[in-house]
Structures are given as structure tokens and as C-alpha cells.
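need the 3D shape of this:
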Amino acid sequence: MADKRRSSPGTTMSLKAHAFSVEALIGAEKQQQQQQQQQQQQQPPALPRQPKRRKLGGEDEAAEDEGGSGCCAKSSATAAAAAGRTCGDMELGCAARGPAGGCEESFLAGSPPASPGGSPKGSRPGSPLPTPQAPRVDLQGAELWKRFHEIGTEMIITKAGRRMFPAMRVKISGLDPHQQYYIAMDIVPVDNKRYRYVYHSSKWMVAGNADSPVPPRVYIHPDSPASGETWMRQVISFDKLKLTNNELDDQGHIILHSMHKYQPRVHVIRKDCGEDLSPVKPIPAGEGVKAFSFPETVFTTVTAYQNQQITRLKIDRNPFAKGFRDSGRNR
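Numbers count the residues shown, from 1 in each chain. Reported below is the predicted structural model:
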């Protein structure tokens, strides 16, 4: 029987083949396990997330990740590819989870981190605060002033003082209702010339240089100071202002030279800037002082009217000239 087994080559070959196949299978398994172990060793171990640290004294919380901040930094590339989301999508998902998800609330999708100044980096600044409205002065009776201006306005000046006609009347807007203001008026020369009236041509012509400057005078409205609300709800009239050619006047009238051209000016003066305001001093300058003038209010000073058209217009339109109108009818 033993001789038959030795002499049978097929039996010997089958035993060797069987042993080889078993060894090959075991070797392949070991090789696969070794490769898996090598891959696991090559892959860096995941570091545990450090919890948020709260500083003493009520300071802001500081959360830091060693692998980076935000949801995208701590998510692996494989997980992101499998989920099919962008970084912004992942941030939105983390923010929706709240603090339990380990994301900062300020890192929302499309919202960059806040800058040290408090507003997001790259964000558009908000609309600026509305600036206070600038004061505005409107001339009342502008049509009448224009009619006089087309002819050449003349104003009578006397030693005792004479009121202006038309009188300066204005309406003011754009003031701070709660702020206190002075309203004042002065009259300044238009140029440094003296004039004379040419009757045959009915025109004013330059007659030479202006006379020496007169002492400065300012008419402060008697209602001053008053709140912006008070000034804006009424028409402000300077009908009590008087013009004089008396350089020694002590009545507070505006001193002017005859046969000179002048421009009235209205001043809006904040109370805190009007400490130096005086009837016998020039208007103080400053940020809280605004001056307004109107070209149609320019006039020439006279001691008697030169242009007959001005005389007729004054008599017709001046309610205080009733005596002149009546005397003209009785002739």
C-alpha cells in the first residue's frame, strides 16, 4: 500500500497544491491587514476639540480650534465632498444648530466676521445721520421791491430819522426750534462811490468817491432773543428801523450818507454766538452767524426824492402817505 502511494504522482502533486493554496490565502489576508494598518498609521489622529474658554471679569468668550476656526476647518474634505455642500452652506448649517454644534453665531452664510470696529469687514456703511437744515430767509413783498428796483429805489434820510418804505419784512425757516436766536439788520455800502441824479436822462451817475465811513450801526429786532420755533411761525418786520444822516445820533438809528447806494442785510445769530452783539458794533463773525441779502432791496439815499416815478409809486403804495394823496386830489 505504501509503495502504491509513493508511486502515485497525482497524489503527491495534489497534497503540495493544497498546501500552497492555503498558504497563499493566509498570506493575502495578512498582506491586506498590513496595508490597512499602514493606512491607519499614515492618517493623522483626530485631535479633540478644545471647549470654549470664558474669561474672568465678564469678558467676551474666545473659541479657538487647533485645526482652524469655523465649521469648514474642522470638517474633512471627504465629508464635504460626500455631503456635496460648499463652505458657506456648511457655515449656515452650523449656525442653525446653535452653540451645541460648536459654531460661532457671527459666522453666518454670506456674513463676514465682525471687524474690531463693530461692523462686518467689507460691509457697506449705514446711511449718515441727517444733517440739520440750513437757515433760509425769504423776502416778503418781493414784487413791490422789484417794481421800485426797476425804477431805482430811493430812501429818504433825515436828521431825526425816517422809516423805510418798503420796509424789510422776511420769513425765516430751517432754524432749530429749541435753539435761541437773535435777528438783526444792518445796511452796508454797495461800493465806494457817490452818486448824483441826472434829470434829463432820469439816471443815476457816479459823482465821485464815497464820503468817509460812518459809525457802524446794527438794528437788533426787539423780539430778540427768541426760540427758532417763535421766529419761524411769524413774519419778521423791520418797519420800526429808521435811517438818519446825523453822525451824532444817539437814538439807535442807522447812520447813512446821502447820495450813496446801500444794501440791507438780515442776520440770523445763534444766542451763544451773539454775546458781543451791540447796536454800535459791527455784526460778530462766526459759524453761528448767517447773513442774507436781496439784490432788489438796494437803494440810494436822498434828502428829497429825485425821480418823480419813485415819488408817485411811494404815494400810491405807502399807507402812511394818505395825506399826500388827498392833497393831490384837492389841487
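
CA atoms for contacts and neighbours, from now on please.
Fine.

for Thr311, which non-adjacent residue is closest in space?
Spatial nearest neighbour of Thr311, excluding adjacent residues (CA to CA, 6 or more residues apart in numbering): Tyr305 at 6.4 Å.

how about the one you found, what does it touch?
154-156, 311 (CA atoms under 8 Å, 6 or more residues apart in numbering).

got these as TSV, with pLDDT and distance to Asp276 columns?
Shown next, in TSV, are these (pLDDT from 0 to 100; distance: CA to CA, whole Å):
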residue	pLDDT	distance to Asp276
Glu154	98	32
Met155	98	30
Ile156	98	31
Thr311	95	40
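
just the closest of those residues to Gly274, please.
Met155 (29.4 Å; CA to CA).

tell me what that closest one is bridged to.
Thr301 (DSSP bridges).

doesn't Gln306 make contact with it?
No. Met155 is beyond contact range of Gln306, at 10.2 Å (criterion: CA atoms under 8 Å).

more neighbours, the two?
Met155 (23 against 17; other CA atoms under 10 Å).

ok so, going back, from the contacts of Tyr305, keep the buried residues only.
Neighbour-count burial (16 or more other CA atoms under 10 Å) applied to those gives 154-156.

closest to Leu144 out of those?
Among the buried ones among the contacts of Tyr305, and counting by CA to CA, the member closest to Leu144 is Glu154, at 13.4 Å.

what sits closest to the closest one if chain neighbours are left out?
Thr300 (4.8 Å).

ok, that neighbour to Thr244 distance?
13 Å (CA to CA, to the nearest Å).

quick one: secondary structure of Tyr197?
strand (DSSP: H, G, I helix; E, B strand; the rest coil).

which residue packs closest to it, ignoring adjacent ones?
Using CA to CA, 6+ apart, the nearest residue to Tyr197 is Trp204, at 4.5 Å.

that neighbour against Arg194, yeah?
No. Using CA under 8 Å, Trp204 makes no contact with Arg194, being 10.0 Å away.

which of the contacts of Tyr305 sits closest to Gly174?
Met155 (31.3 Å).

show me the strands in the stretch 201-331 of the chain, by range?
Applying DSSP state E, counting those that start in this stretch to the stretch 201-331 of the chain gives strands spanning 203-209, 219-220, 226-227, 236-237, 242-244, 254-255, 261-270, 289-293, 299-302.
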